[in-house]
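# please work out how this folds:
(one chain, ligands or ions: 2)
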Amino acid sequence: MGLSLLLVGCGKMGQAMLGGWIDDGIIPAEIVVIDPNAENLAVALDLKCRGVEAAADMPTDFMPDVIVLAVKPQIITDVLPIFRAFAEKGSLVVSIAAGTRLATFEAAFGESAAIVRAMPNTPAAVHQGMIVCCPNGHVSSAQKSDCDRLMRAIGEVAWIEDEELMDAVTGLSGSGPAYVFYMIETMTAAGVKAGLPEGLAVQLAQQTVAGAGALARASDEDAAQLRKNVTSPNGTTAAGLAVLMDDASGLGPLMERTVAAATRRSRELG
Ligand SMILES: NC(=O)C1=CN([C@@H]2O[C@H](COP(=O)(O)OP(=O)(O)OC[C@H]3O[C@@H](n4cnc5c(N)ncnc54)[C@H](O)[C@@H]3O)[C@@H](O)[C@H]2O)C=CC1
Ligand SMILES: O=C(O)[C@@H]1CCC=N1
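Ligands and ions are numbered 1, 2, ... in the order given. Prediction:
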C-alpha cells in the first residue's frame, strides 16, 4: 500500500494491530517500531519490522507518513515532544490512547498538526477489530484515506466527528472484547458446575459466542429476533433468560453499569 509507518509502543494493542497488518500481507512500504521493552520489541522483529528501543535510534532518513501512538495514556504526554518535528513536516499522527484528547496532541504538535484519535480493539489481530476514528480539523482527505486503509486492514472502521463520543466508544468497543472474554469464562465455569468436563465446556462456550456473533453479523434479523428464534415457549432458553433478563439483577442493568464505568474512566484518563 506504499505507506511508511512508525508504531510507537508494541504492547498488547500495538502487537494486535501489527499482527493484523502483517498477517494479511497489507504491509506498509516500511514499518519502524519503537519499544523499550525487549520482549515486545522482539515481536516486531519477528514480524520482520525494523525495531528500535528508543526514538533516537530511528533511521535518520526515516520520514513516516503515519505515526501510530500506542503507549499508555499515563505516559503519552512524555513521548510527544520527540515526534513534533515529524508532525510539523506533515506526518499524520494517529493516537489510540484511551481518553487522551485531540487538544492534548495539538498542544504538543502545534495547532496545524494532523491528528486522528482512533479506538481499536484486540480482535484487530485476526482482522475482526472495530476501529472508531475521530479526526481533527487538519487531516487532509488523502491522510484520512491512508488512515482508513490502514484501519480497514484490521477490521471494520467508523468515522465520527464528535470527539465527546470517544469515551463511550472506548467503554463499549475498546474495552468490549474483555466483557465478551469474561462471558466465555463465566459460561465455561457455569458449564463445569453443571457437570461438563472443562475442555468440553471451554469448546462449547467459545464456539457458542463465536457462532452467535457470526450469525448476528450475517443475519438480516436483529439480535432481539435472533434471541427469540432460540427461545421455545416454556423451553430451556426461556428458563435461562428469566434469570439473565431479570430487570433488577440481570445482564441489562449490569452491562449498563459496566459500559458507564468504562466510559467514566476514559473521561478521567483524559
Ligand atoms: N489493550 C487494548 O485492548 C487497547 C488498548 N488501547 C490503548 O492502547 C495503548 C496501549 O495499550 P496496551 O497495548 O494495552 O498497553 P501495553 O502496556 O501492553 O503496551 C504499551 C507499550 O508501550 C511501550 N512503551 C513504554 N514507553 C514507551 C516509549 N517511550 N516509547 C515507545 N514505547 C513505549 C511499553 O514497553 C509497552 O510495550 C493505551 O493507550 C490504551 O489506552 C486502545 C484500545 C484497546
Ligand atoms: O483498558 C484500557 O484502558 C484500554 C482502553 C480500551 C481497552 N483497553
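
# each with direction, which strands does the strand or helix carrying V68 pair with?
In the assignment (DSSP states H and E), V68 maps to strand 66-69. In the sheet, strand 66-69 lines up against strand 4-8 (parallel), strand 92-95 (parallel) (DSSP bridges).

# mind putting those in a markdown table, mean pLDDT, mean neighbour count and distance to ligand 2 included?
(Each C-beta comes from the backbone N, C-alpha and C, glycine too.) Listed next are these as a markdown table, based on pLDDT from 0 to 100; neighbours: other C-beta atoms under 10 Å; distance: least, C-beta to the nearest ligand atom, whole Å:
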| stretch | mean pLDDT | mean neighbour count | distance to ligand 2 |
| --- | --- | --- | --- |
| strand 4-8 | 95 | 23 | 16 |
| strand 92-95 | 98 | 26 | 12 |
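
# ignoring the adjacent residues along the chain, who's closest to the residue of the stretch 151-270 of the chain found nearest ligand 2?
Per C-beta to the nearest ligand atom, G174 is where the stretch 151-270 of the chain lies closest to ligand 2, at 3.4 Å. Spatial nearest neighbour of G174, chain neighbours left out: M119 (4.6 Å); criterion: C-beta to C-beta, 6 or more residues apart in numbering.

# off-centre distance for the helix or strand bottoming out on mean pLDDT in the chain?
Scoring the helices and strands of the chain by mean pLDDT, DSSP states H and E places helix 12-23 at the bottom, with a mean of 90. Put simply, helix 12-23 sits 10 Å off its chain's centre (C-alpha atoms, centre = their mean, to the nearest Å).

# buried ones in it?
For helix 12-23, burial by neighbour count (16 or more other C-beta atoms under 10 Å) applies to M13, G14, Q15, A16, M17, L18, G19, G20, W21, I22.

# and stretch 85-99, by the same measure?
F86, A87, S91, L92, V93, V94, S95, I96, A97, A98, G99.
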